[in-house]
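Student: sharing a model prediction with you, sequence too.
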Amino acid sequence: KAGVTQTPRYLIKTRGQQVTLSCSPISGHRSVSWYQQTPGQGLQFLFEYFSETQRNKGNFPGRFSGRQFSNSRSEMNVSTLELGDSALYLCASSLATTRDTQYFGPGTRLTVL
Amino acid sequence: AQSVTQLDSQVPVFEEAPVELRCNYSSSVSVYLFWYVQYPNQGLQLLLKYLSGSTLVKGINGFEAEFNKSQTSFHLRKPSVHISDTAEYFCAVSDRSDSGYSTLTFGKGTMLLVSP
């Protein structure tokens, strides 16, 4: 089975712009979670989607949003980028529940200048 | 609310030596516990997880961890490390939600540095 894929792998944006990141889960996985990884804050949960519905959300401002399509692919969007949004954004897919292993993609490295 | 503490940000060790990476958690409810590894420029890979049953859990690459409920710990061990084990290791916890899903809360990570 192909693993979790994320596109693009690297992205450079300037403050005030918006960005969309994409995640394709493992075939058959219906849950997609997004995490932000920074040296200072570590790994922080952004949100999780299951069958096109947001099932859980972390403590991030409304500039961070996401969605999931009927084929389980997911996108996250960050509007009005700030310097502090520079991070590695990781996507993880799993079958359905927390008992199921989350498989992570390689991440998208976002740099905001 | 849950939290995870990985006391050591870096653990240097010589090749073929044993290693223990420490993880303590705080939670008001029963939890599931996980250890992930992250190699440079890669995503996270699951090493092992504790859901229920035997408190000693064996994972990939020769790693194992022991769940200790009274000490709220889930330390990761390997009897003999290799250079290729150099990576960052993350402990994570989630509560046993009736809905079937809850978020993963990660520790800050421990960088394992294996030298010859």
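Tutor: Arrived safely, thanks for sending.

Student: nearest residue to the middle of chain A?
Tutor: Chain A has A:W34 as the residue nearest its centroid, 3.3 Å off, counting by Cα atoms, centre = their mean.

Student: can you check chain B too?
Tutor: Nearest to the mean C-alpha position of chain B, by Cα atoms, centre = their mean, lies B:W35 at 3.2 Å.

Student: quick one: A:Q41 from A:G58, how far?
Tutor: For A:Q41, the distance to A:G58 equals 11 Å [Cβ to Cβ, to the nearest Å]. C-betas here are computed from N, CA, C, even on glycine.

Student: so the two - more neighbours on which side?
Tutor: Higher neighbour count among A:Q41 and A:G58: A:G58, with 16 against 11, using other Cβ atoms under 10 Å in any protein chain shown.

Student: contacts only, for the residue lying closest to that one once chain neighbours are set aside.
Tutor: Using Cβ to Cβ, 6 or more residues apart in numbering or on different chains and skipping residues adjacent in sequence, the residue nearest A:G58 is A:F45, 4.0 Å away. Applying Cβ atoms under 8 Å, 6 or more residues apart in numbering or on different chains, we find A:F45 in contact with A:S33, A:W34, A:Y35, A:N56, A:G58, B:T103, B:L104, B:T105.

Student: tell me what the residue of chain A at minimum distance from chain B is bridged to.
Tutor: Nearest to chain B, among the residues of chain A, is A:F104, at 3.5 Å (Cβ to the nearest Cβ). On the basis of DSSP bridges, A:F104 is bridged to A:A92.

Student: now swap in A:S31 and tell me
Tutor: Beta-bridge partners, per DSSP bridges, of A:S31: A:F50, A:S94.

Student: what's the neighbour count on residue 88?
Tutor: Assuming you mean chain A. Counted with other Cβ under 10 Å, the neighbours of A:L88 add up to 18.

Student: sorry, should have said chain B
Tutor: 17.

Student: got phi/psi on it?
Tutor: B:E88 has phi and psi values of phi -100, psi 140 when expressed as degrees, to the nearest 10.

Student: which stretches in the chain count as strands?
Tutor: No chain was given, so I picked chain A. A:5-7, A:10-13, A:19-24, A:31-38, A:42-50, A:53-57, A:64-68, A:74-78, A:87-94, A:103-104, A:108-112 (DSSP state E).

Student: ah, I was thinking of chain B
Tutor: Along chain B, the stretches classed as strands by DSSP E are B:3-5, B:10-14, B:19-21, B:24-26, B:31-38, B:44-50, B:56-58, B:64-68, B:73-78, B:87-95, B:105-106, B:110-115.

Student: next, format those as JSON lines and append mean pLDDT and distance to A:K13.
Tutor: Below are the strands of chain B laid out as JSON lines (pLDDT from 0 to 100; distance: least, Cβ to Cβ, whole Å):
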{"stretch": "strand B:3-5", "mean pLDDT": "94", "distance to A:K13": "31"}
{"stretch": "strand B:10-14", "mean pLDDT": "97", "distance to A:K13": "32"}
{"stretch": "strand B:19-21", "mean pLDDT": "98", "distance to A:K13": "35"}
{"stretch": "strand B:24-26", "mean pLDDT": "94", "distance to A:K13": "36"}
{"stretch": "strand B:31-38", "mean pLDDT": "94", "distance to A:K13": "24"}
{"stretch": "strand B:44-50", "mean pLDDT": "95", "distance to A:K13": "24"}
{"stretch": "strand B:56-58", "mean pLDDT": "96", "distance to A:K13": "41"}
{"stretch": "strand B:64-68", "mean pLDDT": "96", "distance to A:K13": "39"}
{"stretch": "strand B:73-78", "mean pLDDT": "97", "distance to A:K13": "37"}
{"stretch": "strand B:87-95", "mean pLDDT": "93", "distance to A:K13": "26"}
{"stretch": "strand B:105-106", "mean pLDDT": "92", "distance to A:K13": "26"}
{"stretch": "strand B:110-115", "mean pLDDT": "97", "distance to A:K13": "29"}
